[in-house]
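A.B. asks: structure for the following, please:
(one chain, ligands or ions: 1)
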Amino acid sequence: MTSPSPAAPSPLIARTTAVPAARVGDLLDVLPPTADPAAVVSWVRRGEGLVGWGRVASVSTSGPDRFADAARWWRETTRECIVRDDVDLPGTGPVAFGTMTYSGSSQEESTLVVPEVLVGRRGRQAWVTTMTVDATVPPADVVPGRRTPPPAPGPVQIGDGRLDATSWAAAVEEAVARINAGALDKVVLARSVQARAEAPVDPRWLLRRLAEGYETTWVFAVDGMVGATPEMLVRLERGLVTSRVLAGTIRRSGDDSHDLALAASLARSSKDLEEHEYAVRSVADALAAHTSSVNVPESPFVLHLSNVMHLATDVAGVVDDDSTSLALASSLHPSAAVCGTPTPAADALISELEHLDRGRYAGPVGWMDASGDGEWGIALRSGRYQAPDRLRLYAGCGIVAGSRADEEVAESEAKLLPMRQALGG
Ligand SMILES: C=C(O[C@@H]1C=C(C(=O)O)C=C[C@H]1O)C(=O)O
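C.D. replies: Here you go, the predicted model:
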């Protein structure tokens with residue numbers, strides 16, 4: 001179902017111009033102050049990526065066809081597009097940012113947003129793209145000088161979501177019982193908490209702090225969904241598709257030498273290796289349908305983040321059909337990293353035990369250009385603005401036969417930490 005809101009603007013005019021990287025500086029410092037958390041977009045990792053603001057067009061979709069409807073809208077929007085692109089890299093020319101719901105039955109909408117201004121950076125190359133629907137030539141100097149820094153949102157209160165930690169632990173125990181009874185192999189159960197700040201939370205405040213604390217993640221903001229995801233569902237760049245699969249987690253202790261011992265135990269933990277294997281297989285199987293060959297490393301590596309360590313596998317392949325990055329994201333979603341194995345049984349158990357509309361949490365979030373190249377992460381370690389001073393935060397954990405409820409509660413707390421710290425708590 002596609003909501004009647006803006007039809008494909010015609011024609012969209014996109015102009016991309018190279019700018020000296022020194023003039024752009026830090027991408028996150030380029031974002032303007034705004035009272036509307038949905039007015040900025042971000043996809044930044046280690047200082048590279050895209051940020052933008054304004055909204056020249058957008059579409060909202062829902063239901064089981066939300067990916068296909070969004071993809072059709074983007075195809076129609078870019079078909080008539082007038083493009084002047086002096087840089088010609090993935091992410092130049094017209095670009096849409098998107099945040100898709102986890103489930104086709106969510107009450108929330110999935111959204112694609114075309115910003116008015118995008119600033120990009122890749123290595124030493126930087127660029128500005130302006131997108132308009134009329135012939136007005138945007139001012140040449142759209143990259144501003146230094147912006148005013150975001151104000152602190154003041155003290156933040158955290159409250160329970162639909163399930164408090166004790167009820168969620170009971171749900172985990174029930175899931176383990178179902179797994180032991182042979183109903184399924186793995187299920188990912190999520191919980192949410194409610195964060196309320198004293199003052200509006202400038203999204204730039206969150207993005208800056210997430211980027212500082214979690215430099216190996218993709219720091220994103222799309223339509224009021226903000227976070228720092230370590231998990232790349234799919235990147236498509238000139239025919240090469242890559243995916244970073246994460247599953248299997250251990251909390252950091254705060255002591256570096258102890259953490260190394262923990263990393264070694266994670267790499268040997270049969271419970272975590274099993275949980276990881278399900279996730280890798282789900283991604284490799286889904287990619288196999290679109291690629292001539294899929295490269296899957298034999299064993300995972302340990303990805304170190306400030307709060308947790310994950311078992312990680314980078315899967316790669318060469319696409320042999322005309323799938324766009326959004327179409328690939330659609331066929332990979334939901335992977336066993338956020339759903340479970342087998343998918344239908346895990347999905348049913350999630351609906352039964354979670355008591356949560358995941359909304360866009362654990363759904364694909366990212367961007368796509370007119371060629372279909374793009375990057376779609378999984379919206380983890382994230383929150384959804386409900387009002388300028390209120391966000392709902394989410395975290396989930398893979399449950400397998402060897403899982404213990406108290407350990408999973410502690411793991412979910414560790415996964416909530418990035419957003420809690422970014423808020424200032
Ligand atoms: C579901 C989340 O994370 C996923 C679950 C993981 C696990 O259970 O080990 C690890 C990484 C993610 O694939 C989350 O962060 O909310």
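A.B. asks: need the helices for the chain, in chain order.
C.D. replies: 21-24, 27-30, 66-79, 165-180, 203-213, 256-268, 270-288, 325-332, 343-354, 405-423 (DSSP state H).
A.B. asks: what angle sits between the third one and helix 325-332?
C.D. replies: Relative orientation of helix 66-79 versus helix 325-332 (axes from the mean of the first three to the mean of the last three Cα atoms, to 10 degrees): 170 degrees.
A.B. asks: looking at helix 66-79 now, give me its mean pLDDT.
C.D. replies: Taken as a whole, helix 66-79 carries a mean pLDDT of 96.
A.B. asks: got the contact list for that helix?
C.D. replies: 1-2, 8-10, 12, 57, 59, 61, 94, 96, 98, 100-101, 104, 110, 112, 114, 324, 326-327, 329-330, 333, 368, 370 (Cβ atoms under 8 Å, 6 or more residues apart in numbering). C-beta: built from backbone N, CA, C; applies to glycine.
A.B. asks: got the residues of the stretch 301-425 of the chain near the ligand?
C.D. replies: Residues of the stretch 301-425 of the chain found near the ligand, taking Cβ under 6 Å from any ligand atom as the criterion, are 310, 337-338, 362, 380-381, 395-398, 415.
A.B. asks: ok, now which ones touch the residue lying closest to residue 180 once chain neighbours are set aside?
C.D. replies: Computed as Cβ to Cβ, 6 or more residues apart in numbering, the closest residue to residue 180 that is not its neighbour in sequence is residue 401, at 5.9 Å. Under the criterion of Cβ under 8 Å, 6+ apart, the contact partners of residue 401 comprise 176, 179-180, 185, 271.
A.B. asks: quick check: the farthest pair among the residues you listed?
C.D. replies: Pairwise distances across the contacts of residue 401 peak at 13.2 Å for 180 and 271 (criterion: Cβ to Cβ).
A.B. asks: neighbour count winner among these two?
C.D. replies: Neighbours per residue, other Cβ atoms under 10 Å: of residue 180 and residue 271, the larger number sits with residue 271, 16 against 10.
A.B. asks: and the more buried one, how far is that from residue 58?
C.D. replies: The gap separating residue 271 from residue 58 is 43 Å, by Cβ to Cβ, to the nearest Å.
A.B. asks: go on, residue 342?
C.D. replies: 35 Å.
A.B. asks: who's more crowded, these two?
C.D. replies: The residue with more neighbours, out of residue 342 and residue 58, is residue 58; 20 against 15, by other Cβ under 10 Å.
A.B. asks: packing partners for the helix or strand bottoming out on mean pLDDT in the chain?
C.D. replies: The helix or strand of the chain with the lowest confidence, counting by mean pLDDT, DSSP states H and E, is helix 21-24 at a mean of 88. Counting contacts by 3 or more Cβ pairs under 8 Å, 6 or more residues apart in numbering; DSSP states H and E, the secondary-structure elements packed against helix 21-24 are strand 117-122, strand 125-132.
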